[in-house]
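# Coordinates only, no sequence provided:
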């Protein structure tokens, strides 16, 4: 099987009589075509691996512009620049030759007696067999859709097969450089274009957007594999199409699982699934014991989904709140969301009813919102969780301990109860509580003294403090606090 023609092969051809002016380090560069261009910037119309031939009309005159001209060609993947001798080439500056040497960009001189068509014919003849190989690779890569349907390949296996057929190493990523498909490696962010419409050619390969509704889902980067025979841009474009199809399938599967998860969680919260059926369904969704329920507030759908991406979970939105069922470790990811207030239940066994877990998670979320914390685990408050569920008992406790304060706040529009609660929640740190209430510490101190007078309880006493704290938690449970 013939080897693709290189710049050095052209330089050694007796018929072409080419002379190397600079860039010897790049003589091993492969050549896919030879093309005449007199443009100052032909790069938008190039695919890479071309020999650009010019009489010099488009070559700038100044040193800085000559250097920029050569660098543009090199950035576009041009294999070599061939300049016709004795025609329109301006004096070549030292900066031009320095750039060629730095980049290993071969610059060739073509004798006046050698027409450009002779170079083009030499290249065309040399790559004819390679073109046949490319066609065979294209036909096999175009069969990727048949593989998907017949063999049910996973992403990693599919793209390894595409790599072997195409002659490229393939990488995929989101626009931010994160993994796009499981099992497919991520490229260096340095090669990603600033805009999706950028030219596809990069040194050693191509970078293409992966199309998706609403804008690119990410980028495909393909680098020529050493010792392989790259099949060209058309094949890489088809691989990008295959990647787009895979992304669409993954998104559809995720949306289907999200809807199924929301329905399952709704049924669990309503206690309409028997334990055995619940365990089977949760296991199918990747949830194994122990699990926990989170109640999440003050966060949007997208932010919560991003935080939980890649982690098995069920999510259900009710009003402005979200319920999330999954591993207790999900709490760490949720707590990292900006501005969130979340509560997490105690861990429990998969299949158990969620009535208790729901009450624990909601209680903990309310506690998080009140205290300004991102996350509260049920049980952080070692007293409030022991309150009875009987509203008559709770009402009696509140009336006995806080009745006078509630009446005073109602009559005067004051905030004695809120002030005492905030001070207690912040472990009796007056400065912190005053800042949270947006009042002066002296104002808070006065309110606490007035609170103690009305309740008849000295808050420096451990017994009185515990009784007041239980009463405040009971008042919240009854909805008597803002």
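Structure received. Just so we're clear, the structure is a prediction, and the values are computed from it rather than from any experiment.
# Go over the secondary structure and confirm residue 209 is in a strand.
Yes. Under DSSP: H, G, I helix; E, B strand; the rest coil, residue 209 falls within a strand.
# Any idea how many residues pack against it?
Residues contacting residue 209 under the criterion other CB atoms under 10 Å number 20. (C-beta placed from N, C-alpha, C; glycine too.)
# isn't it right up against residue 216?
Yes. Residue 209 lies in contact with residue 216 (CB atoms under 8 Å); the separation is 3.8 Å.
# Report pLDDT for residue 229.
Reported pLDDT at residue 229 in the predicted model: 78.
# From residue 115, how far out is residue 164?
Between residue 164 and residue 115 the distance is 40 Å, computed by CB to CB, to the nearest Å.
# what separates the host helix or strand of residue 397 from the chain centre, distance-wise?
Here residue 397 is covered by helix 391-412, with elements defined by DSSP states H and E. Relative to its parent chain, helix 391-412 has a centroid offset of 51 Å by CA atoms, centre = their mean, to the nearest Å.
# before we move on, back to that, what do residue 209 and residue 216 both touch?
Counting by CB atoms under 8 Å, 6 or more residues apart in numbering, the residues touching both residue 209 and residue 216 are residue 196.
# which residues sit against stretch 239-246?
With contacts defined as CB under 8 Å, 6+ apart, stretch 239-246 is touched by 141, 144-145, 148, 155, 158-159, 162, 166, 168, 170, 172, 180-181, 208-212, 217, 220, 222.
# In that stretch, which of the residues would be classed as buried?
239, 240, 241, 242, 243, 244, 246 (16 or more other CB atoms under 10 Å).
# Using JSON lines, lay out these together with pLDDT and distance to residue 413.
Shown next, in JSON lines, are the buried residues of stretch 239-246 (pLDDT from 0 to 100; distance: CB to CB, whole Å):
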{"residue": "239", "pLDDT": "90", "distance to residue 413": "69"}
{"residue": "240", "pLDDT": "91", "distance to residue 413": "65"}
{"residue": "241", "pLDDT": "88", "distance to residue 413": "67"}
{"residue": "242", "pLDDT": "89", "distance to residue 413": "67"}
{"residue": "243", "pLDDT": "91", "distance to residue 413": "63"}
{"residue": "244", "pLDDT": "91", "distance to residue 413": "61"}
{"residue": "246", "pLDDT": "89", "distance to residue 413": "62"}
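# for those residues, which one is nearest residue 67?
residue 240 (33.2 Å; CB to CB).
# which one among the buried residues of stretch 239-246 gets closest to residue 264?
Using CB to CB, the buried residues of stretch 239-246 come closest to residue 264 at residue 246, 26.3 Å.
# And that closest one, how far from residue 156?
Counting by CB to CB - residue 246 and residue 156 are separated by 11 Å.
# Might you report the residue contacts of residue 35?
Contacts of residue 35 (CB under 8 Å, 6+ apart): 46, 50, 51, 52, 53, 120.
# Tally up the residues packed near the closest residue to residue 301 other than its chain neighbours, please.
Leaving aside its sequence neighbours, residue 301 sits nearest to residue 317 (CB to CB, 6 or more residues apart in numbering; 6.8 Å). Using other CB under 10 Å, residue 317 is surrounded by 12 other residues.
# Residue 317 is in contact with residue 299, isn't it?
No. Using CB under 8 Å, residue 317 is not in contact with residue 299; the gap is 10.6 Å.
# Need the contact partners of stretch 71-78.
For stretch 71-78, the surrounding residues in contact (CB under 8 Å, 6+ apart) are 41-43, 46-52, 81, 99, 103, 105, 199, 201-204.
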